[in-house]
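Engineer: prediction below, plus the sequence it came from.
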Amino acid sequence: MTEESRSFLNRRSMLTLGAGAAAALVASAGIAEAGQPNTPGDAELARSLPGGFRSAYAQVNGVRLHYVAGGRGEPLILLPGWPETWWQYRKIMPTLAKRYRVIAVDLRGMGGSDKPQGGYDKKTMARDIFELVRALGYRQAHIAAHDIGAMVAFSFAANHPEATKTVTLMDVSHPDESLYQIPMLAPPGQPVHVWWFAFNQVATLPEQLLAGRARFLVDWMFDHLVADPASIGDRDRAIYAAAYDRPDAIRAGNGWYQAFGQDIEDQKAYGKITAPMLGLGSEFNYDYLAAVLPSKAVDVRVRKIAGSGHFVAEEQPRAVIDELQAFLG
């Protein structure tokens, strides 16, 4: 482990936030004016990437999904996590597009996609992606995903094995009953306390606290869950904050967390994933993935992304590209 990584983990070990700290975080936003500065739209962002990327939409499973596609080859679906959008893959999309048809999707409730009142269980969200794959004319696709997106990717592989060529989970697996064991107050020395899992369960209050102030939340996440906060710069943070600044976006994103109970029940009926599975773990989640994933799939390999915090594709893009290309072929 590098000195940078040790410093990162030591810094994380001191951060055991509870609900009170979460409230303080969002309350402090009152000192700033509401709203984010003007940020480029999805079409402009897509065109800015090498590889002929373009922004588009598809009506599937009762919702309109936004996606950005470019490159040629076998389809590779990229699913993002919270609190981000398809833009989190900007550093790896151009290189991957030289070998694959790269399709980065805003999930139901995210970014340019619809934000309905329901349907945020991962089984329904996986159906969204399955219908998108079919609408784009593909029989099978590689699925690679991070955070909430990884939960959807797991459900995709479980519920649509015929459409899954491979599945890659970055730093997160599917919700299971272990989530019920997360303490409200983290014990001393716990490297990461996922206080937002509880905060995002609350109805209405997060929208009232965060509307127009999402940059405070975005900055906290990237300042504390990233090995080198400079790897996600000011412009990128502004893009993410703009995507989560409105009450409907906050409500929809929280819906992913509020569906965890249903996700846990759904997983009880899943057998082992039969598609080849790759797990890419950060410095503080690798051990978890290495312990859990072999029990959930028949063909599993787990790799550590050295020197990375939670946001592996942005912190160590070259390592993620190398692992994906070696796995996908």
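Structural biologist: Cool, got the structure.
Engineer: in the stretch 201-329 of the chain, which spans are strands?
Structural biologist: In the stretch 201-329 of the chain, the strands defined using DSSP state E, counting those that start in this stretch lie at 277-281, 300-304.
Engineer: for Thr168, find the nearest of the ones you listed.
Structural biologist: If you check each of the strands of the stretch 201-329 of the chain against Thr168 by C-beta to C-beta, strand 277-281 wins as the nearest, at 4.4 Å. (C-beta placed from N, C-alpha, C; glycine too.)
Engineer: wait, doesn't Tyr120 sit right on Arg108?
Structural biologist: Yes - taking contacts as C-beta atoms under 8 Å, Tyr120 lies within contact range of Arg108: 6.8 Å.
Engineer: between the two, what contacts are shared?
Structural biologist: Ala252 (C-beta atoms under 8 Å, 6 or more residues apart in numbering).
Engineer: contacting residues for the residue nearest to Asp219 when sequence neighbours are not counted?
Structural biologist: Closest residue to Asp219 apart from its sequence neighbours, by C-beta to C-beta, 6 or more residues apart in numbering: Arg237 at 6.2 Å. Shown in contact with Arg237 (C-beta under 8 Å, 6+ apart): Arg215, Val218, Asp219, Phe222.
Engineer: and the last one, how many neighbours?
Structural biologist: Per other C-beta atoms under 10 Å, the neighbour tally for Phe222 reads 24.
Engineer: same deal with the first one?
Structural biologist: Here the count is done by other C-beta under 10 Å, and Arg215 has 22 residues near it.
Engineer: report pLDDT for it.
Structural biologist: Note on Arg215: pLDDT of 98.
Engineer: ok, now which ones touch the closest residue to it other than its chain neighbours?
Structural biologist: Of all residues not flanking Arg215 in the chain, Ala241 sits nearest, at 3.9 Å (C-beta to C-beta, 6+ apart). The contact partners of Ala241, taken as C-beta under 8 Å, 6+ apart, are Gln36, Ala214, Arg215, Leu217, Val218.
Engineer: need the max-distance pair from these.
Structural biologist: Gln36 and Leu217 (12.0 Å).
Engineer: the more surrounded of the two?
Structural biologist: Set side by side, Gln36 and Leu217 show more neighbours around Leu217, with 24 against 19, by other C-beta under 10 Å.
Engineer: so, low pLDDT: which residues of the chain?
Structural biologist: 1-37 (pLDDT under 70).
Engineer: now do 80
Structural biologist: Applying pLDDT under 80 to the chain flags the ranges 1-37, 191.
Engineer: show me where the stretch 201-329 of the chain has its helices.
Structural biologist: 205-210, 214-224, 234-243, 247-258, 260-267, 286-292, 312-315, 317-328 (DSSP state H, counting those that start in this stretch).
Engineer: circling back to that earlier point, and which of the contacts of Arg237 is nearest to Gly309?
Structural biologist: Phe222 (8.9 Å).
Engineer: got a list of what that closest one touches?
Structural biologist: Phe222 is in contact with Pro229, Ile232, Arg237, Phe311, counting by C-beta under 8 Å, 6+ apart.
Engineer: all strands of the stretch 51-200 of the chain, in order?
Structural biologist: 54-60, 63-70, 74-79, 100-105, 141-146, 164-170.
Engineer: next, format the contacts of Arg237 as JSON lines and append distance to Pro188.
Structural biologist: Shown next, in JSON lines, are the contacts of Arg237 (distance: C-beta to C-beta, whole Å):
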{"residue": "Arg215", "distance to Pro188": "30"}
{"residue": "Val218", "distance to Pro188": "28"}
{"residue": "Asp219", "distance to Pro188": "26"}
{"residue": "Phe222", "distance to Pro188": "25"}
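Engineer: thank you kindly, that will do.
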